[in-house]
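Asks: what would the 3D arrangement of this be:
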Amino acid sequence: MNFRDQLVKDVQKTFMNSDEFAEIHTVTTFTDEEKKSGQRDRDLEMIIEKFTLDGRPIQSADGVSAHNVIIHIDPNVLAYTPRVDQNFYLDFIRYRVKGVSNDSGVLKIVLEANGKRP
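Replies: Down below sits the predicted model:
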């Protein structure tokens with residue numbers, strides 16, 4: 001086994017383990033998003049990173065706040081790769097996908113939501 005294979009194994013067994021670093025969050029998908037039909041909620045292990053240290057939204061000049069998060073998740077657990085500019089529902093909040101990459105077996109998804117959030 002080479003270093004890269006070991007790294008992928010460590011990511012799956014340690015980094016994405018809810019007993020170690022990951023937390024359980026809900027991802028919602030729809031068979032027809034426009035009609036909000038065929039809703040499926042799945043509780044998945046992932047790591048969530050926020051763009052701000054205090055968790056507060058970034059204020060824009062127009063008075064609209066932007067809530068930004070980065071999700072780190074095993075692509076096999078999510079079972080699909082989101083597209084840039086599609087909606088992504090995390091913990092029942094709608095975000096817009098701003099970027100997606102796969103690095104060393106971890107899917108990194110950058111999300112943004114505008115407006116007031118809890």
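Asks: residue closest to the middle of the protein?
Replies: Residue closest to the average C-alpha location in the chain (CA atoms, centre = their mean): Ile71, at 3.2 Å.
Asks: name the helix or strand for it, please.
Replies: Assigned by DSSP states H and E, Ile71 belongs to strand 65-73.
Asks: what residues are up against Lys9?
Replies: Neighbouring residues of Lys9 by CB atoms under 8 Å, 6 or more residues apart in numbering: Met1. C-betas here are computed from N, CA, C, even on glycine.
Asks: what's the pLDDT at the nearest residue to the residue nearest to the centre of the chain once chain neighbours are set aside?
Replies: Nearest non-adjacent residue to Ile71, counting by CB to CB, 6 or more residues apart in numbering: Ile109, 4.4 Å away. Ile109 is assigned 94 on the pLDDT scale.
Asks: correct me if wrong: Ile109 contacts Pro75.
Replies: No: assessed by CB atoms under 8 Å, Ile109 is found out of contact with Pro75, at 10.0 Å.
Asks: neighbour count: those two, which is higher?
Replies: Shown here are Ile109 and Pro75; by other CB atoms under 10 Å, Ile109 has more neighbours (23 against 13).
Asks: ok, residues contacting the strand or helix carrying the more buried one?
Replies: Here Ile109, judged by DSSP H and E, is contained in strand 106-114. Here strand 106-114 makes contact (CB under 8 Å, 6+ apart) with 11, 15-16, 64-75, 78, 81-82, 88, 90, 93-102.
Asks: got it, and stretch 14-34?
Replies: Residues contacting stretch 14-34 (CB under 8 Å, 6+ apart): 36-48, 72-74, 77-78, 87-92, 106.
Asks: 10 Å - rerun?
Replies: 7, 10-11, 13, 36-48, 69, 71-74, 76-80, 82, 86-94, 104-106 (CB atoms under 10 Å, 6 or more residues apart in numbering).
Asks: and it, what's its mean pLDDT?
Replies: Stretch 14-34 carries an average pLDDT of 84.
Asks: okay, buried residues for that stretch please.
Replies: Phe15, Met16, Ala22, His25, Val27, Thr28, Thr29 (16 or more other CB atoms under 10 Å).
Asks: which ones among those residues lie within strands?
Replies: Members of those lying in strands (criterion: DSSP state E): His25, Val27, Thr28, Thr29.
Asks: perfect, I'm done here.
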